[in-house]
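# Compute the structure for the input listed below.
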Amino acid sequence: MTETIPVAVPGPFTDPLDYLPPGTGTPPLPGTRVRVPLGRRQVVGIVTGPPRPATVAGTRLKRIQDVLDASPLLGDSLRNLIHWAAGYYHHPIGECFATALPTRLRQGREAVVSGRRKALVAGNAEHPVPELNSEQRAASSAIAIQQGHAVILIEGVTGSGKTEVYLDAIHRALAVGLQVLVIVPEIGLTPQLVQRFQQRLAGNMAVLHSGLSDSQRLNAWLAAANGEADVIIGTRSAIFVPLARPGLIVVDEEHDPSLKQQEGFRYSARDLAVYRGHQLDLPVVLGSATPSLESLANAESGRYQTVRLTQRAGGAAPPRLRLMDMRGQPTIEGLSEPLIRTVREHLEADGQVLLFLNRRGYAPTLICHECGWIAECDRCDARYTYHRGRSRLHCHHCDRETGVPRACPECGSVDLRPLGLGTERVESTLQTLLPDTPLIRIDRDSTRRRGEFERQMASALSGESRLLLGTQMLAKGHHLPAVTLVAVIDADQGLFGADFRAPERLAQLVIQVAGRAGRAERPGEVVIQTHQPEHPLLQTLIHGGYPAFAEVALAERQAAGLPPARSMALLRAEAPGKAAPQAFLQAALAVMPAQTSVEALGPYPAPMERRAGRYRAQLMLQADHRPALQRLLSCWLPAIGALPEARRARWSVDVDPAETL
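Next up, the predicted model:
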């Protein structure tokens with residue numbers, strides 16, 4: 001019987017394809033890269049297992065053209081992780097394997113250090129180690145006593161010193177010769193974390209994120225794989241990095257939606273970290289001041305251990321939160337007079353002030369004052385955001401840009417006015433109100449240039465900039481000890497979102513940004529501007545904090561039958577025409593296997609039906625038990641792919657979706 005080699009190749013293939021071994025030499029080992037023919041192209045694939053009997057006629061089989069590695073790049077455990085992820089998220093196996101490789105290795109380049117830039121950052125461990133308080137010691141001990149796999153959820157209020165607990169646990173792992181993988185949600189958090197780790201740890205560190213060049217990513221990946229890197233700090237895709245001597249996995253800000261890939265291979269780095277820890281029989285630490293409801297539910301059920309840090313480190317007092325009722329208040333570009341007075345008081349007392357508005361640009365709407373025309377994106381069901389500094393209209397959904405019209409295209413009036421607030425507009429207002437106060441604005445627009453984010457954060461940390469204005473880039477994880485006042489300019493925009501997770505996201509964001517205040521000796525104050533001061537969510541946060549909100553939210557999810565009470569998947573479809581996505585989903589529903597344990601809702605248009613010129617619709621699937629949902633998807637998706645309607649729409653499945661928009 002003919003023996004073949006299973007190879008995962010890029011493309012819409014659920015399973016590896018069979019290829020004949022190369023004409024000479026021994027068959028390539030699992031985990032090595034090979035170059036193989038695919039149609040009229042030559043592609044790079046990964047050998048996924050040992051030789052196996054052919055499943056198709058020998059005359060149809062093609063031969064491996066070239067073996068690119070002398071030894072496997074991906075070991076057994078990492079290949080098993082990728083296989084499991086491909087099955088759980090129901091994504092083509094070749095694309096899952098490609099995600100695990102740096103770009104240069106996917107291109108077939110040699111797996112050797114590239115360029116002159118060093119991949120490793122050497123720690124010096126020269127800074128004194130602060131003494132842990134009793135809660136921090138208990139958290140560190142909970143990690144240290146683990147002899148195998150366990151998930152420890154560190155639920156610590158902002159400023160409670162979770163990073164010190166991480167550092168203590170990492171130090172213990174390095175002392176016995178093990179590697180540590182640290183996952184963070186965003187690139188913006190890595191420089192500050194790397195600097196802090198460098199000052200406190202003696203090992204070598206490698207950094208992996210999308211802001212690096214291809215050669216830098218390859219070098220860091222190889223340093224992790226061969227054991228040169230003791231600590232690997234990376235964003236989402238770093239969960240797939242090979243580890244020579246794994247000992248601990250840490251996921252910081254585990255609640256952050258950035259840990260879930262939203263396009264293509266829609267995996268959750270947090271959930272894969274938990275699975276990888278189980279697979280390698282090692283502890284996994286999840287840390288957050290505002291844990292996801294999924295993690296809290298796992299803790300309640302006993303799957304995770306919970307350690308709470310209720311005190312701020314160093315004796316710092318928690319900030320005082322208060323709602324500022326904007327109803328009937330005079331305002332200047334969204335800033336109420338009481339807020340302006342409060343800002344001035346803190347600045348006069350030599351404090352630093354952070355103003356938070358999670359909307360960049362000058363204004364979210366440009367309108368004609370004469371006829372009411374609104375500048376709308378012609379590819380999305382959305383309005384253009386007006387960016388005055390660049391004199392451009394920009395759709396933040398499809399990235400389309402256009403110039404600002406000189407006159408209204410409907411009536412010819414030149415009286416075009418911006419409506420609503422963006423960070424650019426608030427910045428202009430603050431410069432007028434407080435012309436002598438150094439101000440920096442931190443959002444995606446102001447930090448486009450390489451190194452600009454780091455420069456601005458250094459200015460904020462030094463106290464040189466007394467007034468800080470920004471989006472969620474400024475809210476997450478940063479230690480700003482001089483900040484005494486945090487002001488949330490507009491809390492109302494998150495109160496009425498279309499996604500069922502909107503209240504959770506708002507609560508997390510408010511608590512996270514509030515945590516930037518009063519982290520040192522001086523007490524902090526948090527002001528939340530709202531037209532809805534009686535709203536239950538805001539009242540719960542003010543009087544009970546995030547734990548009280550989470551308790552209520554979990555009960556509401558249970559009553560509504562929403563995650564984490566039930567498992568969910570979304571079948572999404574999109575096409576240039578409106579009818580094709582609906583027709584595809586209707587056809588998919590018609591071939592769904594008969595069963596009673598999975599509920600199908602829809603199909604229905606996506607909350608933003610048209611995006612980037614394509615119409616979108618979705619079918620929601622829910623089940624009381626995750627295995628039932630997985631069984632359904634496994635037998636149903638192949639039938640969906642064979643539907644004639646599937647050729648007229650682009651479709652995908654999203655298991656455990658982070659958002660339903």
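# which residues of the stretch 201-350 of the chain fall in helices?
Counting by DSSP state H, counting those that start in this stretch, the stretch 201-350 of the chain has helices at residues 214-225, 269-280, 293-300, 337-348.
# deepest of those, which one?
Neighbour counts averaged per stretch over those are highest for helix 214-225, at a mean of 23; criterion: mean count of other Cβ atoms under 10 Å. Bear in mind the C-beta positions are built from the backbone N, C-alpha and C, glycine included.
# quick revisit: can I get the helices of the stretch 201-350 of the chain in JSON lines with mean pLDDT?
As requested, the helices of the stretch 201-350 of the chain are exported to JSON lines (pLDDT from 0 to 100):
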{"stretch": "helix 214-225", "mean pLDDT": "93"}
{"stretch": "helix 269-280", "mean pLDDT": "98"}
{"stretch": "helix 293-300", "mean pLDDT": "97"}
{"stretch": "helix 337-348", "mean pLDDT": "95"}
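# Just want the angle from the helix or strand encompassing residue 487 to helix 337-348.
Element membership of residue 487 [criterion: DSSP states H and E] is strand 483-488. Between strand 483-488 and helix 337-348, the angle formed by their directions is 160 degrees, by axes from the mean of the first three to the mean of the last three Cα atoms, to 10 degrees.
# Let's have the helices of the stretch 201-350 of the chain in CSV, adding distance to residue 538.
Below are the helices of the stretch 201-350 of the chain laid out as CSV (distance: least, Cβ to Cβ, whole Å):
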stretch, distance to residue 538
helix 214-225, 42
helix 269-280, 27
helix 293-300, 18
helix 337-348, 16
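# so which of those gets nearest residue 587?
Distance to residue 587, taken as Cβ to Cβ, is lowest for helix 269-280 among those, at 30.7 Å.
# Give me the contacts around the closest one.
Contacting residues not belonging to helix 269-280 are listed as 77, 80-81, 84-85, 149, 151, 181, 183, 235-240, 246, 249, 251, 254, 259-261, 283-284, 286, 292, 295, 656 [Cβ atoms under 8 Å, 6 or more residues apart in numbering].
# for stretch 155-164, same thing?
When contacts are defined by Cβ under 8 Å, 6+ apart, stretch 155-164 is touched by residues 130, 132-133, 135-136, 139, 154, 165, 193, 196, 252, 287-289, 291, 296, 306-314, 316, 318, 511-512, 514-516, 518-519, 545.
# again, 7 Å this time
Stretch 155-164 is contacted by residues 130, 132, 136, 154, 196, 287-289, 291, 306, 308-313, 316, 318, 511-512, 515, 519 when judged by Cβ atoms under 7 Å, 6 or more residues apart in numbering.
# Same question for stretch 298-306.
Among residues not part of stretch 298-306, those counted as contacts by Cβ under 7 Å, 6+ apart are 142, 150, 151, 152, 153, 155, 295.
# And stretch 433-443, by the same measure?
Among residues not part of stretch 433-443, those counted as contacts by Cβ under 7 Å, 6+ apart are 332, 340, 347, 360, 423, 427, 430-431, 456, 459-460, 464-471, 473-474.
# what about burial for those, which qualify?
With neighbours counted by 16 or more other Cβ atoms under 10 Å, the contacts of stretch 433-443 contain buried members at 340, 347, 360, 423, 427, 430, 456, 460, 465-471, 473-474.
# These in helices, which ones?
With helices defined by DSSP state H, the entries of the buried ones among the contacts of stretch 433-443 inside them are 340, 347, 423, 427, 430, 456, 460, 473, 474.
# Nearest to residue 578, out of those residues: which one, please.
Nearest to residue 578 out of those is residue 423 (Cβ to Cβ; 34.9 Å).
# who's in contact with that closest one?
357, 359, 360, 441, 443, 469, 470, 471.
# Turn those into a markdown table, columns for pLDDT and distance to residue 496.
As requested, these are exported to a markdown table (pLDDT from 0 to 100; distance: Cβ to Cβ, whole Å):
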| residue | pLDDT | distance to residue 496 |
| --- | --- | --- |
| 357 | 94 | 17 |
| 359 | 93 | 15 |
| 360 | 93 | 20 |
| 441 | 94 | 27 |
| 443 | 90 | 23 |
| 469 | 95 | 24 |
| 470 | 91 | 23 |
| 471 | 91 | 19 |
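# Strands of the stretch 301-450 of the chain, start to end?
Here the stretch 301-450 of the chain has its strands, by DSSP state E, counting those that start in this stretch, at 305-309, 320-325, 331-332, 335-336, 352-356, 365-368, 385-387, 392-394, 401-403, 416-419, 439-442.
# Residue 485 is nearest to which of these?
With Cβ to Cβ as the measure, strand 352-356 is the member of the strands of the stretch 301-450 of the chain nearest residue 485 (4.7 Å).
# okay, the contacts of stretch 298-306 in a markdown table with secondary structure and distance to residue 226 next?
A markdown table is the format used below for the contacts of stretch 298-306 (DSSP: H, G, I helix; E, B strand; the rest coil; distance: Cβ to Cβ, whole Å):
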| residue | secondary structure | distance to residue 226 |
| --- | --- | --- |
| 142 | helix | 32 |
| 150 | strand | 28 |
| 151 | strand | 28 |
| 152 | strand | 29 |
| 153 | strand | 32 |
| 155 | strand | 36 |
| 295 | helix | 33 |
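# can you list those residues in a markdown table and add distance to residue 276?
Below are the contacts of stretch 298-306 laid out as a markdown table (distance: Cβ to Cβ, whole Å):
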| residue | distance to residue 276 |
| --- | --- |
| 142 | 20 |
| 150 | 13 |
| 151 | 11 |
| 152 | 15 |
| 153 | 17 |
| 155 | 22 |
| 295 | 16 |
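# Quickly list what residue 383 is bridged to.
Assessed by DSSP bridges, residue 383 has beta-bridge partners residue 376.
# And for the one 10 residues further on?
For residue 393, the beta-bridge partners are residue 386, residue 402 (DSSP bridges).
# How about residue 153?
Under the criterion DSSP bridges, residue 153 forms beta bridges with residue 286, residue 306.
# got a pLDDT number for it?
The pLDDT attached to residue 153 in the predicted structure is 98.
# Give me the neighbour count for it.
Residue neighbour count, defined by other Cβ atoms under 10 Å, stands at 24 for residue 153.
# now do residue 32
Under the neighbour criterion other Cβ under 10 Å, residue 32 is assigned a count of 21.
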